[in-house]
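> return a 3D structure for these sequence lines:
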Amino acid sequence: MKAPERYWRLLRLTMQGQRRVEELPPCRHCLEAYCLEAYCLKTQRLETQGLGAEAVPSDAVVQRQLQTLMQTAEEMVSVLAEGCLRCYISYEIDRTCRDLFSRFSAAAGLTCLEDLLALVLMDTDPLHQRPTTPSLVDDPTPSGKVLRTFDPDKAQLNTWTKRVVMSDGNLNHYLREHGIYLDSDWNLLNSLSETKLHQLLTDDGQMSAASLQRATAILSVA
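Numbers count the residues shown, from 1 in each chain. Presented below is the predicted three-dimensional model:
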């Protein structure tokens, strides 16, 4: 675990649309008490015995522990564990949007990173302190979807967050308006007819007839 503070610092947008980091001390206490306490105690014992320190638990281990707490612990601890994961997810949403902005801003005329973030970085009450904040099961935000569908046996939280963000309908609609289509090469290929593929591959006049025939054959069996 390289940056434990990402579990108690929420990255969010202000009402003015500016990025802001908000400290959540209760989440820090939860992380230290339930996920890092055993590591700290073991490290202290090893140092007392003149041995090396225990390895810091990985993000995958910590995230699995937090998910277990979120699902099985008493309500107060469950909410704090969920808050820790929401903090981490907020940074992964930011990183995904930064990557998209870096890749496409010049070509597509994207002028502001915050325009992307406003579509997917929506957590403002991670500890459910407001009565109007929906429960996780009803949370429509990307963070809520990540938490409902995340399976640590199948993916890491950072990669799953990226996948959910990249498939978000509002984000994709905005990007398509700027000529950006977030789809795999294989899906794009499958969407082409043989006639359209032939036209695209022959536009520059550099593909041989044999290569064109092979490409068409691949599409026909896809």
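> when you work out contacts or count neighbours from here on, use the C-alpha atoms and nothing else.
Noted.
> ok, and the closest non-adjacent residue to residue 83?
Distances taken as C-alpha to C-alpha, 6 or more residues apart in numbering place residue 126 nearest to residue 83, at 5.1 Å, with adjacent residues excluded.
> identify the residues contacting the one you found.
By C-alpha atoms under 8 Å, 6 or more residues apart in numbering, the contact set of residue 126 is 82, 83, 86, 87.
> so can I have CSV of those showing neighbour count and distance to residue 176?
Converted to CSV, these look like this (neighbours: other C-alpha atoms under 10 Å; distance: C-alpha to C-alpha, whole Å):
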residue, neighbour count, distance to residue 176
82, 24, 33
83, 27, 32
86, 26, 28
87, 27, 29
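> the helix-or-strand element of the chain with minimal mean pLDDT: what's the following helix or strand?
Among the helical and strand segments of the chain, the one scoring lowest on mean pLDDT, DSSP states H and E is helix 37-48, with a mean of 51. Note on helix 37-48: by DSSP states H and E, the next helix or strand toward the C-terminus is helix 59-72.
> in that next one, what's buried?
For helix 59-72, the neighbour count (16 or more other C-alpha atoms under 10 Å) marks 59, 60, 62, 63, 64, 66, 67, 69, 70 as buried.
> biggest helix in this protein, by residue count?
Longest helix in the chain by number of residues (criterion: DSSP state H): helix 75-108.
> what's the distance between the most centrally placed residue in the chain and residue 34?
Geometric centre of the chain, nearest residue: residue 161, 2.3 Å, by C-alpha atoms, centre = their mean. Noted for residue 161: a distance of 23 Å to residue 34, by C-alpha to C-alpha, to the nearest Å.
> and what of residue 163?
Residue 163 is 28 Å from residue 34, by C-alpha to C-alpha.
> kindly report the same for residue 169.
Applying C-alpha to C-alpha to residue 169 and residue 34 gives a distance of 36 Å.
> next: residue 113.
35 Å.
> and for residue 60?
For residue 60, the distance to residue 34 - C-alpha to C-alpha - is 15 Å.
> residue 78: neighbour count?
A total of 20 residues lie near residue 78 under the criterion other C-alpha atoms under 10 Å.
> helix, strand, or coil at residue 16?
Three-state assignment for residue 16 (DSSP: H, G, I helix; E, B strand; the rest coil): coil.
> need phi/psi at it.
The phi and psi values for residue 16, taken as degrees, to the nearest 10, are phi -90, psi 0.
> contact partners for it?
By C-alpha under 8 Å, 6+ apart, the contact set of residue 16 is empty.
> that one and residue 118, how far apart?
On the measure of C-alpha to C-alpha, residue 16 and residue 118 end up 11 Å apart.
> circling back to that earlier point, hmm, the residue nearest to the centre of the chain is touching residue 89, no?
Yes: Residue 161 is within contact range of residue 89, at 6.7 Å (criterion: C-alpha atoms under 8 Å).
> overlap of the contact sets of those two?
In contact with both residue 161 and residue 89: residue 143, using C-alpha under 8 Å, 6+ apart.
> coming back round to it: list the buried residues in the longest helix of the chain.
For helix 75-108, by 16+ other C-alpha under 10 Å, it's 77-94, 96-98, 100-101, 105.
> please apply the same query to stretch 17-26.
Residues of stretch 17-26 classed as buried under the neighbour-count rule (16+ other C-alpha under 10 Å) are 19, 21, 23, 24, 26.
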